[in-house]
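Enquirer: The amino acid sequence is not available; the structure is as follows:
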């Protein structure tokens, strides 16, 4: 079973009625496994899959390659949603 971790963040603004919904997806692993010998080699992991449930230590470890989530490319997709409410000014 393939797990993809999506993090949704909602930012409210008290001055207007618009808010931003951000989806964060973690892509391919960028950990250099040959850094100790002065080379460059990645393991080929194409997407972060959490090895545990939310709010556990396994949620930050990739089930495919064993690396921490911070080694995977972070892709943020933002969507601005505006809630227009008309005001009755006279």
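Expert: Ah, there it is. Note that the structure is predicted; figures quoted are calculated from it, not measured.
Enquirer: Any regions of the protein where pLDDT drops low?
Expert: 1-17, 83-90 (pLDDT under 70).
Enquirer: can you pull out the strands in it?
Expert: With strands called from DSSP state E, the chain shows them at 6-12, 18-29, 72-82.
Enquirer: Return the most buried member of those.
Expert: Across the strands of the chain, averaging neighbours per residue (mean count of other Cβ atoms under 10 Å) puts strand 18-29 on top, at a mean of 15. The C-beta positions use only the backbone N, C-alpha and C, and glycine is treated the same way.
Enquirer: What lies in contact with stretch 41-59?
Expert: Applying Cβ atoms under 8 Å, 6 or more residues apart in numbering, the contact partners of stretch 41-59 are 2-5, 26-34, 60-65, 67, 69, 72.
Enquirer: same thing but at 7 Å, please
Expert: The contact list for stretch 41-59, computed with Cβ atoms under 7 Å, 6 or more residues apart in numbering, reads 2-5, 26-34, 61-65, 69, 72.
Enquirer: Tell me the buried residues in it?
Expert: 43, 45, 47, 48, 49, 50, 51 (16 or more other Cβ atoms under 10 Å).
Enquirer: so can I have TSV of these showing distance to residue 21?
Expert: Output for the buried residues of stretch 41-59, formatted as TSV (distance: Cβ to Cβ, whole Å):
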residue	distance to residue 21
43	32
45	27
47	22
48	20
49	23
50	21
51	27
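Enquirer: Relative to residue 78, which of the residues you listed is nearest.
Expert: Nearest to residue 78 among these, counting by Cβ to Cβ, is residue 48 at 19.4 Å.
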